[in-house]
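Colleague: sequence and predicted structure are below.
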Amino acid sequence: MTHTLDFIRTKSIMDNMTEEATNTHGGKRNGAGRIAGPYGPTVRVTVSIPEAILHKLDTAAQTRSVSRSAAVTEACHRYARQVYGG
């Protein structure tokens, strides 16, 4: 009989832990996720560029104290403005 009570007690504790974890994770919550940058929500893109350009990009990013991603985004934004206007 003692084993049955221990099992029930353990199961109850595990159920509570599962409910707590379920209630605090997953799904959309206010303030969850990445904050959209100045150009809106971001997506991940994989590109291949010459190594020399990558070094120039990294140097420019480091000089401006921004991430590589921010430097690429700014470069793309400037290119799009130059080519397409706006």
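Modeller: Here it is on my side, so go on. Numbering: from 1, shown residues only.

Colleague: ends of stretch 42-54, how far apart?
Modeller: One end of stretch 42-54 sits 21 Å from the other (C-alpha to C-alpha, to the nearest Å).

Colleague: no wait, stretch 42-55
Modeller: Stretch 42-55 has its terminal residues 23 Å apart, counting by C-alpha to C-alpha.

Colleague: avg pLDDT for that stretch?
Modeller: Averaging pLDDT along stretch 42-55 yields 93.

Colleague: same question, stretch 74-86
Modeller: 90.

Colleague: how about the CA coordinates for it, as CSV?
Modeller: Written as CSV, here are the backbone C-alpha positions of stretch 74-86 (Å, rounded to 0.1, in the frame of the first residue of the first chain):
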residue,chain,number,x,y,z
GLU,A,74,22.1,48.8,-43.8
ALA,A,75,24.1,48.0,-46.9
CYS,A,76,21.1,46.3,-48.5
HIS,A,77,18.8,49.2,-47.5
ARG,A,78,21.2,51.7,-49.1
TYR,A,79,21.5,49.6,-52.2
ALA,A,80,17.8,49.3,-52.6
ARG,A,81,17.3,53.0,-52.1
GLN,A,82,20.0,53.8,-54.7
VAL,A,83,18.7,51.4,-57.3
TYR,A,84,14.9,51.5,-56.7
GLY,A,85,14.6,54.9,-55.0
GLY,A,86,12.6,55.8,-52.0
